[in-house]
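Engineer: Sequence first, then the predicted structure:
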Amino acid sequence: MSETEVTTAPRPLLLADGRPAADAWSLDPALRHLNHGSFGAVPRVAQERQQLLRAEMESAPVVWFPALPRRLAAARADLAAFLGADVDDLALVPNASAGASVVFAALERRRGGEIVVTDHGYGAVTMGAECLARRWGGRVRTARVPPAADADRACAAVTAELSEATDLVVVDQITSATARRLPVERIAAETRRRGVPLLVDGAHAPGLIAAPLAGEPYDFWVGNLHKWGCAPRGTAALVARGPLRDTLYPLIDSWGAGDPYPDRFDQQGTQDATGHLAAATALDLIGSTWGWPTARRYMDDLADHGARVIAAALADLTGTDGGPVDVGMPVPGMRLVRLPEGLAGTRVEADALRDRTAREMGVEAAFTSFAGLGYLRLSAHVYNTAEDYEHCVPVLRDWAHRARTAAGAGAGARPAVRPPDAG
């Protein structure tokens, strides 16, 4: 890799008045926010909109709650247009995991009670699938997809686990731990041919993929608006198409239970629904200021630059070529960097490294593990700049060097997977 490849960076995005894009957010400037993909970041205008809505709710709750279903129906129409979904197919849920739980609660065993997942699946959703399999008296089958697998190989790995006993397939559209796409459109074609329901976990897709619902229709799809869409947290969509749609009910029984899908999801007692009502404000900020295609292109270029800078700095410690990890089907705005041996080998250790990095380096970062290997997952947004990543290089390189030295201190022993002082 040449020095030019390592150092070339996209020019920072600016607001209409020339200020840095970050000024539209309330993020702490003392921290480097390199992990947008976990919890998102809500722009000031959306926070202000939500606060106004909450003030309205608290000022006249007896007026607010009876009128809420009508307002949520209008919000659903806005979100359906953004996602490219039919408004009659889209229900509002708190997050993608909640949407998956709605599906798990509705489905009945029809064949052998087997559920197919992948080894890239989001832990909470996979746990839900395991719970459903136990309830059915069935089992979960895990498709092993190599991180660098292309679409053909990834699709083949999943379809190889299908059988006459399969009652459900759960596949991530974008994987959390490995920051890659899976060929959900091709998998959907095969599950539809076999008559097996498919649940697509699109938690990271809204905003990051231009048309996350295009192509072969999925039976069920869930996606978070609070990630790349920057909506207030607790804002997600469940899209259901096909004959099983009308079997879906909210996890909380309420007065809307007798309404058709998806209207029955709009009446959930005293639930604070202001996040969904303010979601369009966040989406509009990005769309009107830069345009979503420009924003996605910038995020992708920046994540690529950041990954190359950091990977090059760690190359001598990881034994890699200094570039981002090959994930087969890359995702705009997300990259993986291999960590030195002994760092973040498990989820618990990755979380400990995340906490220590924030505490000692002032960097909010995501560390993940897959098949016993640790990775730094970068997920960029419009408020990030190249300097955010370049700032981390000297400290991260020194830290990783010390961690590797400590890991190799025990002669003949397996390198320690816990970073020094990780707790």
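Structural biologist: Nice, thanks for sending it over.
Engineer: rest of the way, CA atoms for contacts and neighbours
Structural biologist: Will do.
Engineer: can you give me the helices in this protein?
Structural biologist: Remark: helices assigned in the chain by DSSP state H are 3-7, 36-39, 44-59, 61-83, 96-106, 123-136, 151-159, 184-194, 274-289, 292-318, 347-361, 386-407.
Engineer: Between the ones you listed, which one is closest to residue 334.
Structural biologist: helix 292-318 (5.9 Å; CA to CA).
Engineer: Check which residues of that closest one are buried.
Structural biologist: The neighbour-count check on helix 292-318 (16 or more other CA atoms under 10 Å) flags 292, 295-315, 317-318 as buried.
Engineer: OK, contacts around residue 173?
Structural biologist: By CA atoms under 8 Å, 6 or more residues apart in numbering, the residues touching residue 173 are 181, 182, 183, 184, 200, 201, 202, 203, 204, 205.
Engineer: With adjacent residues omitted, what lies nearest to the second one?
Structural biologist: Looking back up the chat, that one is residue 182. residue 173 (5.5 Å; CA to CA, 6 or more residues apart in numbering).
Engineer: how near is the one you found to residue 199?
Structural biologist: Residue 173 sits 10 Å away from residue 199, going by CA to CA, to the nearest Å.
Engineer: cool, and residue 239?
Structural biologist: 10 Å.
Engineer: what's the answer for residue 227, then?
Structural biologist: Using CA to CA, residue 227 is found at 20 Å from residue 199.
Engineer: again with residue 56
Structural biologist: From residue 56 to residue 199 the distance is 37 Å (CA to CA).
Engineer: Tell me which of those two has more neighbours.
Structural biologist: Remark: of residue 56 and residue 199, residue 199 carries more neighbours, 26 against 13, as counted by other CA atoms under 10 Å.
Engineer: OK, contacts around that one?
Structural biologist: Contact analysis of residue 199 by CA under 8 Å, 6+ apart lists 100, 168, 169, 170, 171, 218, 219, 220, 221, 222.
Engineer: The second one touches residue 110, doesn't it?
Structural biologist: When you say that, I think you mean residue 168. No. Using CA atoms under 8 Å, residue 168 makes no contact with residue 110, being 9.7 Å away.
Engineer: domain parsing for the protein?
Structural biologist: By the assignment in automatic domain parsing, the chain contains the domains 3-30+291-407, 46-283.
Engineer: Just put those domains in a markdown table and tack on mean pLDDT and distance to residue 37.
Structural biologist: Formatted as a markdown table, the domains of the chain follow (pLDDT from 0 to 100; distance: least, CA to CA, whole Å):
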| stretch | mean pLDDT | distance to residue 37 |
| --- | --- | --- |
| domain 3-30+291-407 | 88 | 6 |
| domain 46-283 | 97 | 6 |
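Engineer: Pipe these into a markdown table and attach distance to residue 40 per row.
Structural biologist: Formatted as a markdown table, the domains of the chain follow (distance: least, CA to CA, whole Å):
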| stretch | distance to residue 40 |
| --- | --- |
| domain 3-30+291-407 | 9 |
| domain 46-283 | 4 |
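Engineer: between these, which gets nearest to residue 39?
Structural biologist: domain 46-283 (6.1 Å).
Engineer: ok now the closest one, how far from the chain's centre?
Structural biologist: 12 Å (CA atoms, centre = their mean, to the nearest Å).
Engineer: now do the same end-to-end measure for that domain.
Structural biologist: Using CA to CA, one end of domain 46-283 lies 9 Å from the other.
Engineer: rewinding a little: tell me the one among the contacts of residue 173 nearest to residue 353.
Structural biologist: Taking CA to CA as the measure, residue 204 is the one of these closest to residue 353, at 22.4 Å.
Engineer: What count of nearby residues applies to that closest one?
Structural biologist: As a burial measure, residue 204 scores 27 neighbours (other CA under 10 Å).
Engineer: Likewise for the one 5 residues further on?
Structural biologist: Residue crowding around residue 209 was assessed by other CA under 10 Å; the count is 20.
Engineer: In space, what's closest to it - neighbours in sequence excluded?
Structural biologist: Excluding its sequence neighbours, the residue lying closest to residue 209 (CA to CA, 6+ apart) is residue 332, at 7.7 Å.
Engineer: now do residue 245
Structural biologist: Spatial nearest neighbour of residue 245, excluding adjacent residues (CA to CA, 6+ apart): residue 261 at 7.3 Å.
Engineer: wait, what's in contact with the one you found?
Structural biologist: Contacts of residue 261 by CA under 8 Å, 6+ apart are 88, 89, 91, 245, 246, 248, 249.
Engineer: Repeat that for residue 212.
Structural biologist: Residue 212 touches 83, 84, 202, 205, 206, counting by CA under 8 Å, 6+ apart.
Engineer: next one: residue 180
Structural biologist: For residue 180, the contact set (CA under 8 Å, 6+ apart) comprises 174, 327, 328, 329, 330, 331.
Engineer: run the last query once more with 7 Å
Structural biologist: If you count contacts by CA atoms under 7 Å, 6 or more residues apart in numbering, residue 180 has them with 174, 327, 329, 330, 331.
Engineer: Quick one: the residues you listed as a markdown table, columns for neighbour count and distance to residue 67 too.
Structural biologist: Listed next are those as a markdown table, based on neighbours: other CA atoms under 10 Å; distance: CA to CA, whole Å:
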| residue | neighbour count | distance to residue 67 |
| --- | --- | --- |
| 174 | 28 | 36 |
| 327 | 18 | 47 |
| 329 | 17 | 45 |
| 330 | 19 | 43 |
| 331 | 21 | 40 |
